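Novice: What follows is a predicted protein model with its sequence.
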Amino acid sequence: MNKRISSPRQTQDIIKQHDFTFKKSLGQNFLIDENILSNIVSAADVTDSSYVIEIGPGIGALTQLLAERAKKVVAIEIDERLKPILSNTLNDHSNVTVRFGDVLKVDLHQIIKEEFPDGAEIKVIANLPYYVTTPILMMLLTSQLPITDIVVMIQKEVAERLEASPGEKSYGSLSIAVQYMAEPRIMMTVPKTVFIPQPNVDSAVIRLQVRKEKKVQVISEDFFFKLVRASFGQRRKTLINNLMNNLYKKDQKESLISVLEGVSIDPKRRGETLSIEEFGKLADALYTMK
């Protein structure tokens, strides 16, 4: 039975043994704390009936714990230099498959079809590189994949943005985009000291429970998101000013004010004070005005 990789010593030994060097361009930071690794698995409610996709297994520390609890784990790793390490650290776990490729470029629908039974509900679990957090999350949420939960370790500041409520400093278009499709909850914060190499900032584990239905129903999703982005164009500006600067022409101002007042939204409010429901109502009213 392979030992779990969950301490600085074990991680350093494996890295040294395989002469592995970290690639800054891939944002590689390996977790070296067993308690935190276990807490990630618990935060995702992984059981012996769970099917899991792990993004970026690294040397396999989290993968080992997932394999002990889940029915099957498919790990997707971009760095082919990790092949010999993963084949060593995961060789006792017959319920793990490692696929090499960039998760933003591989065909996840095809991988799911090949690796999991029909109708399987999948959890995605990952320690994500900071530089691709948002593209990966948005891809997972918008690709119509059979995912129930996404549990990821990300930069603490980004996690706070995903969970933020109207009126909070962190609330913005990313908060709305994610909350429209999922229910976010920060499960724990994680100090930078539990990684090799150490990142510059602290992290957080966030759970996104994917909604069966979107938080609001709108006539046009494209227009809804265009309106949200325009409303946050310049945070200190009022809603009417942002919309006039980013979406509408001067001669439309009176009509715009009339629509805002018609859905009980003061044109002098700022975009960051509007709830998703208010943005939904406004988007539908403005869409029909076009």
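Specialist: Ah, there it is. Numbers count the residues shown, from 1 in each chain.
Novice: now the strands for the protein?
Specialist: Assigned by DSSP state E, the chain shows strands spanning 30-31, 51-55, 72-77, 96-100, 122-127, 147-155, 182-190, 195-196, 203-210.
Novice: Include mean pLDDT and distance to Leu239 when you put these into TSV, please.
Specialist: For the C-beta atoms, the positions are set from N, CA and C on the backbone; glycine is no exception. As requested, these are arranged in TSV below (pLDDT from 0 to 100; distance: least, CB to CB, whole Å):
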stretch	mean pLDDT	distance to Leu239
strand 30-31	91	42
strand 51-55	98	37
strand 72-77	98	41
strand 96-100	98	45
strand 122-127	97	35
strand 147-155	97	29
strand 182-190	98	24
strand 195-196	92	41
strand 203-210	98	28
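Novice: Tell me which of these sits nearest to Ile265.
Specialist: In terms of CB to CB, the element of the strands of the chain nearest to Ile265 is strand 182-190, at 24.4 Å.
Novice: List the contacts of the nearest residue to Leu286 once chain neighbours are set aside.
Specialist: Spatial nearest neighbour of Leu286, excluding adjacent residues (CB to CB, 6 or more residues apart in numbering): Val259 at 5.7 Å. Listed by CB atoms under 8 Å, 6 or more residues apart in numbering, the contact set of Val259 reads 282, 285-286, 289.
Novice: Kindly give the local confidence score, pLDDT, for the residue nearest to Leu256 when sequence neighbours are not counted.
Specialist: In space, and not counting its chain neighbours, Leu256 is closest to Tyr248: 5.7 Å by CB to CB, 6+ apart. pLDDT recorded at Tyr248 is 93.
Novice: any idea how far Tyr248 is from Ile265?
Specialist: Distance, Tyr248 to Ile265, using CB to CB, to the nearest Å: 15 Å.
Novice: can you redo the strands of the chain as JSON lines with distance to Leu162 and mean neighbour count?
Specialist: Converted to JSON lines, the strands of the chain look like this (distance: least, CB to CB, whole Å; neighbours: other CB atoms under 10 Å):
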{"stretch": "strand 30-31", "distance to Leu162": "20", "mean neighbour count": "23"}
{"stretch": "strand 51-55", "distance to Leu162": "17", "mean neighbour count": "24"}
{"stretch": "strand 72-77", "distance to Leu162": "22", "mean neighbour count": "24"}
{"stretch": "strand 96-100", "distance to Leu162": "27", "mean neighbour count": "17"}
{"stretch": "strand 122-127", "distance to Leu162": "14", "mean neighbour count": "25"}
{"stretch": "strand 147-155", "distance to Leu162": "8", "mean neighbour count": "23"}
{"stretch": "strand 182-190", "distance to Leu162": "5", "mean neighbour count": "17"}
{"stretch": "strand 195-196", "distance to Leu162": "20", "mean neighbour count": "18"}
{"stretch": "strand 203-210", "distance to Leu162": "6", "mean neighbour count": "22"}
